[in-house]
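K.L.:
the following block contains a protein sequence and its predicted model.
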Amino acid sequence: MARIYEYSLQIATLLVSPALIVVEKKMKKFAVKVEEGKEGRDGKPSVGPVYRNLLSGHAYPPLDPNLSTTWDIFRVSVEKYPGNRMLGWRELVNEKWGPYVWKTYKEVYEETLCAGSALRSHGIEPGARVGIYGSNCPQWIVAMEACSAHSLICVPLYDTLGKLPDFAFPRTNFRFVASNSYIERPGAVNYIIDHAEVDVVFVQDKKVKELLSPDCTHSQRLKLIVCFTSLTEEQRNKAADIGIKTCSWTEFLDMGRENPSEISPPKAFNICTIMYTSGTSGDPKGVILTHENISTNITGVDLFMEQFEDKMTVDDVYISFLPLAHILDRMIEEYFFHKGASVGYFHGNINEIRDDLFELKPTFLAGVPRVFERIHEGVLKGLEELNWRRRRIFDMLYKYKLYWMNRGYKQKDASPLADFLAFGKVKSRLGGRIRLIVSGGAPLSSEVEEFLRVTSCAFVVQGYGLTESCGLSTLGFPDEMCMIGTVGSAFVYTEICLEGVPEMGYDPLGDPPRGDIGEMLSNGVVKIIDRKKNLIKLSQGEYVAVEYLEKVYGITPIVEDIWVYGNSFKSMLVAVVVPNEENTEKWAHQNGHKGSFVDLCALDKLKDHILLELKSTAERNKLRGFEHIRGVIVEPKLFELSEDELVTATLKKRRDRLLKHYKVEVDAMYQKLTGAKS
């Protein structure tokens, strides 16, 4: 240990060595301007220049006519890689989860033909809408591919708010209030079945009761329910009473084998899926995506990946735990199928996903920012348990590797020794083979992104997209440190421009150019500032980006989650804070407080401590005075566990519902704060 410490001090000396001064290179460009911006006229806002990916500067790359539908993508992969592992899952053996079991591409294809034939034998014709309702699993994909084989329209159904995984070190725990992995939300399912005119639903066994609930009134329009496993006699009878046929998975596949039907492949312009977005207010919105939409994006990812030395291979493995009912996971899996690679599904309990990671050893991990914030917090907690010398070594090795990464070295070459001495443990927590980490759904803080780029021993990139753009509008580049804190440049088949918001001072023709609500950097890279609807104007006329502030304040160790609030009639911001249970209990022990976590959350002294910690975070991140939190409400229950649906299925905050839920406390806090000032 002493020799390692001595070596680390030598590294620290090198960091400030004048011999290592590097000549600044000319800024690298990542997009090409294809159209100039336009001044706003007749009440319309100004529009900034239009940018494209460097691969699409003069014209979009041609598409492959042999890969124009999702059925083409699957069929070609079956022909190329029939024996490759495609779909993996874990089975419960003697009350313990066993190793991953796999179906090959050929086996999945054969099941798909049976499932498609069974649908046709039930009178389901091309163009019909087929719902899929349940957690990610092989049956989900078979049902999806069966839809593609017969020109049926796949309609994912969702009703759940997924919890976040715990990536903490062994002696730490991430708190979950409820015992189940999900909270049921039948309202969305009922709405989608009616709105999309769904005829058939493939359903997970745990979801059958929701589908047949009296609250799900539109289930009566269904012709057929197929369970991923099997149904109880009571469920069959209940379905029969309202005129719905039912099948277990085995019965359904057997029916298809006995009644084979020729496939009816779709055309590129046919609708592939109607994917509903949860939205932060109102009913779910149905986004219509054609086969060409999806296949074009698959081609775009191929072209994008060809630029880099590290290529995707058939040996790559993706761990799927983000919902297949949302665009990010769906598109990742489609791409893995295109490459003949493998997708392994988590076993359903997000609390135990670390066990799935160790068993599966994936090479690719995708998640929303809060997933990666948990990883960051877990590593920091682990460091706190080390002695001062080992913490010092970690810090010096971190700075050393970061130094070389900032000077253009690839992450794997920046400091192999630092990876060996310090960062291998972080990598092992993610299964030991992770090569690529992708964050989407919301901006990832620069602090967390930099930390992961240095310590995960993997590529880390952010992207920005919409369901309407198949999840990809912009995408970051691996090993480009200038992209930290950004979402990358325009994707291969995308055009990007900014639209002005003059009332907020955002001008897409200004310097820097800013629009609704992003900033175009001089190298063609996009930085998300905030959502337009998440900008708040305080009484003194200052605009505040609350989502950005939540990212900043969310790094505070005492904070598990935070909702920042302000309005145009007040001069200050307040917040509802869900404290981190472990750090709260540590604070209580150090300060002589006893009681349950709920009891601790009621203490005024905890509230004062949280305010001090938030102030420290604000000062450290150089927030302006009006961006400081002046008052907090302490909430022991995670927002996603509330019965009032305070967040969406993708964990975005429903700000109108949060305000309604906490209005009495917020009004009382403002009264106290303004009264104290006067």
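P.N.:
Okay, I see it. Numbers count the residues shown, from 1 in each chain.
K.L.:
for the rest of this, base every contact and every neighbour count on C-alpha atoms.
P.N.:
Will do.
K.L.:
report the beta-bridge partners for Thr104.
P.N.:
Per DSSP bridges, the residues bridged to Thr104 are Arg85.
K.L.:
residues contacting it?
P.N.:
Going by Cα atoms under 8 Å, 6 or more residues apart in numbering, Thr104 touches Pro82, Gly83, Asn84, Arg85, Met86, Leu87.
K.L.:
narrow these to just the buried residues.
P.N.:
The neighbour-count criterion (16 or more other Cα atoms under 10 Å) marks Pro82, Asn84, Arg85, Met86, Leu87 among those as buried.
K.L.:
can you tell me the SS state at the last one?
P.N.:
The three-state assignment at Leu87 reads strand, by DSSP: H, G, I helix; E, B strand; the rest coil.
K.L.:
least trustworthy helix or strand in the protein by mean pLDDT?
P.N.:
In the chain, no helix or strand scores lower on mean pLDDT, DSSP states H and E than helix 2-15, which sits at a mean of 43.
K.L.:
after that one, next one along is what?
P.N.:
Using DSSP states H and E, the helix or strand that directly follows helix 2-15 along the chain is strand 31-35.
K.L.:
my guess is Leu430 contacts Asp355. True?
P.N.:
No: the pair Leu430 and Asp355 does not pass the contact test of Cα atoms under 8 Å, sitting 9.7 Å apart.
K.L.:
distance to Val564 added to the contacts of Thr104, as CSV?
P.N.:
Rendered in CSV, the data for those read as follows (distance: Cα to Cα, whole Å):
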residue, distance to Val564
Pro82, 52
Gly83, 52
Asn84, 48
Arg85, 46
Met86, 43
Leu87, 41
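K.L.:
ok, Thr556 to Ala341 distance?
P.N.:
Look at Thr556 and Ala341: by Cα to Cα, to the nearest Å, they are 39 Å apart.
K.L.:
out of the two, which sits in the busier spot?
P.N.:
Ala341 (23 against 20; other Cα atoms under 10 Å).
K.L.:
what is the mean pLDDT for the lengthiest helix in the chain?
P.N.:
For the chain, the helix that runs over the most residues, judged by DSSP state H, is helix 655-677. Helix 655-677 carries an average pLDDT of 86.
K.L.:
quick one: list the elements packing against it.
P.N.:
Contacts defined by 3 or more Cα pairs under 8 Å, 6 or more residues apart in numbering; DSSP states H and E place helix 655-677 against strand 629-634.
K.L.:
now do the buried residues in the longest helix of the chain.
P.N.:
Residues of helix 655-677 classed as buried: Arg655, Arg657, Leu658, Val666, Met669, Tyr670 (neighbour count, 16+ other Cα under 10 Å).
K.L.:
now the fourth one: how far from His628?
P.N.:
It refers to Val666. From Val666 to His628 the distance is 16 Å (Cα to Cα).
K.L.:
just the buried positions in the host helix or strand of Arg257, please.
P.N.:
In the assignment (DSSP H and E), Arg257 maps to helix 249-258. Applying a neighbour-count criterion of 16+ other Cα under 10 Å, one finds Trp249, Phe252, Leu253, Asp254, Met255, Gly256, Arg257 buried in helix 249-258.
K.L.:
adding pLDDT, write those residues out as CSV.
P.N.:
Formatted as CSV, those follow (pLDDT from 0 to 100):
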residue, pLDDT
Trp249, 98
Phe252, 98
Leu253, 98
Asp254, 98
Met255, 97
Gly256, 98
Arg257, 97
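K.L.:
give the contact list for Met481.
P.N.:
Applying Cα under 8 Å, 6+ apart to Met481 gives the contacts Met405, Asn406, Gly408.
K.L.:
who wins for neighbours among those residues?
P.N.:
Among the contacts of Met481, Met405 has the most neighbours (other Cα under 10 Å), with 21 neighbours.
K.L.:
what sits against it?
P.N.:
Going by Cα under 8 Å, 6+ apart, the list of residues near Met405 reads Gln411, Ala414, Asp479, Met481.
K.L.:
so which of the residues you listed belong to strands?
P.N.:
Per DSSP state E, strands hold no members of those.
K.L.:
what's the most distant pair in the residues you listed?
P.N.:
Ala414 and Met481 (12.3 Å; Cα to Cα).
K.L.:
output the below-cut-off pLDDT ranges for the stretch 551-678 of the chain.
P.N.:
Residue ranges of the stretch 551-678 of the chain with pLDDT under 70: 675-678.
K.L.:
would you map the helices across it?
P.N.:
Here the stretch 551-678 of the chain has its helices, by DSSP state H, counting those that start in this stretch, at 581-590, 597-601, 604-620, 655-677.
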